[in-house]
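Enquirer: okay, here's the prediction I keep looking at, along with the sequence it came from:
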Amino acid sequence: MKNEVRALRTAAGWSQVQLAESLGVSRQTINALETGRYDPSLPLAFRIAHLFGQPIEEIFTPDASDAPPSGGKR
């Protein structure tokens, strides 16, 4: 899943530590989110969206690996 967390954090002028503290997670979690190594839980995605005042869909978007297999349903 692709996300805009790094861009939003940078635009807000926050460090990874500051964002992590605001969300109640570790700095390592923020780093993993920003580098695409971790997809957030739904509650965390909602907290991120609320913090930045944007819909989840504006922050998190599926990439090719998230697409259902061709001809199949997810």
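Expert: That came in fine, so what should we check first? Values in this document were obtained by computation on a predicted structure and should not be read as measured data.
Enquirer: the longest helix along the chain - contacts with which helices or strands?
Expert: Here the longest helix in the chain is taken by residue count, with DSSP state H as the criterion, and it is helix 42-52. Here helix 42-52 touches helix 5-12, helix 16-23, helix 56-59, going by 3 or more C-beta pairs under 8 Å, 6 or more residues apart in numbering; DSSP states H and E. C-beta: built from backbone N, CA, C; applies to glycine.
Enquirer: which stretches of this protein have low pLDDT?
Expert: Within the chain, the ranges that satisfy pLDDT under 70 run 66-74.
Enquirer: could I get the helices and strands packed on helix 42-52 in a markdown table, plus columns for distance to Arg47 and mean neighbour count?
Expert: Below are these laid out as a markdown table (distance: least, C-beta to C-beta, whole Å; neighbours: other C-beta atoms under 10 Å):
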| stretch | distance to Arg47 | mean neighbour count |
| --- | --- | --- |
| helix 5-12 | 12 | 15 |
| helix 16-23 | 5 | 16 |
| helix 56-59 | 10 | 14 |
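Enquirer: now the ones you listed as a markdown table including distance to Ala32?
Expert: Output for the helices and strands packed on helix 42-52, formatted as a markdown table (distance: least, C-beta to C-beta, whole Å):
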| stretch | distance to Ala32 |
| --- | --- |
| helix 5-12 | 10 |
| helix 16-23 | 10 |
| helix 56-59 | 15 |
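Enquirer: of all these, which lies closest to Leu44?
Expert: Smallest distance to Leu44 across those (C-beta to C-beta): 6.8 Å, for helix 16-23.
Enquirer: can you tell me which helices and strands the closest one packs against?
Expert: Packing partners of helix 16-23 (3+ C-beta pairs under 8 Å, 6+ apart): helix 5-12, helix 27-34, helix 42-52.
Enquirer: using TSV, lay out the ones you listed together with distance to Glu21.
Expert: Putting those into TSV (distance: least, C-beta to C-beta, whole Å) gives the following:
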stretch	distance to Glu21
helix 5-12	12
helix 27-34	9
helix 42-52	11
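Enquirer: most tightly packed of the ones you listed?
Expert: Of all the helices and strands packed on helix 16-23, helix 27-34 carries the top mean neighbour count, a mean of 18, counting by mean count of other C-beta atoms under 10 Å.
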